[in-house]
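S.K.: My questions are about this predicted structure, shown below with the sequence.
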Amino acid sequence: MHETIEITTEYITLGQFIKLANVLESGGMVKSYLQDQGVIVNGELEKRRGRKLYPNDVVEIEHAGSFIVSKVDKS
């Protein structure tokens with residue numbers, strides 16, 4: 001089961017997503033974590049914090065869980 005993380009924009013970068021999911025608190029921590037560990041995005045290892053995530057992308061973070069991107073319309 002994935003935890004749903006809602007965004008209001010068309011996409012979100014991986015670095016922003018990790019902070020929004022409350023996995024890590026600062027951009028520096030995200031940068032270091034991604035360089036050292038990386039995360040799994042849609043089944044593939046990803047280390048770029050600028051990677052764009054779109055609705056229905058699945059992000060798996062070791063020791064934190066599995067998350068899915070969901071877009072919420074503001075209207």
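M.R.: Good, I have the coordinates. Numbering: from 1, shown residues only.

S.K.: Which residue would you name as the spatial centre of this structure?
M.R.: F17 (3.8 Å; Cα atoms, centre = their mean).

S.K.: So that residue belongs to a helix, correct?
M.R.: Yes: per DSSP: H, G, I helix; E, B strand; the rest coil, F17 lies within a helix segment.

S.K.: Confirm for me that it is in contact with K52.
M.R.: No: with contacts counted by Cβ atoms under 8 Å, F17 stays clear of K52, the gap being 9.7 Å. All C-beta spots, glycine's among them, are computed from the backbone N, C-alpha and C.

S.K.: what's in contact with whichever helix in the chain runs longest?
M.R.: Counting residues, the longest helix found in the chain (DSSP state H) is helix 27-36. Contacts with helix 27-36, where a contact means Cβ atoms under 8 Å, 6 or more residues apart in numbering, come from L14, G15, I18, K19, L24, E46, K47, R48, R49.

S.K.: ok, 10 Å please
M.R.: Here helix 27-36 makes contact (Cβ atoms under 10 Å, 6 or more residues apart in numbering) with 13-19, 23-24, 26, 39, 46-51, 61-62, 64.
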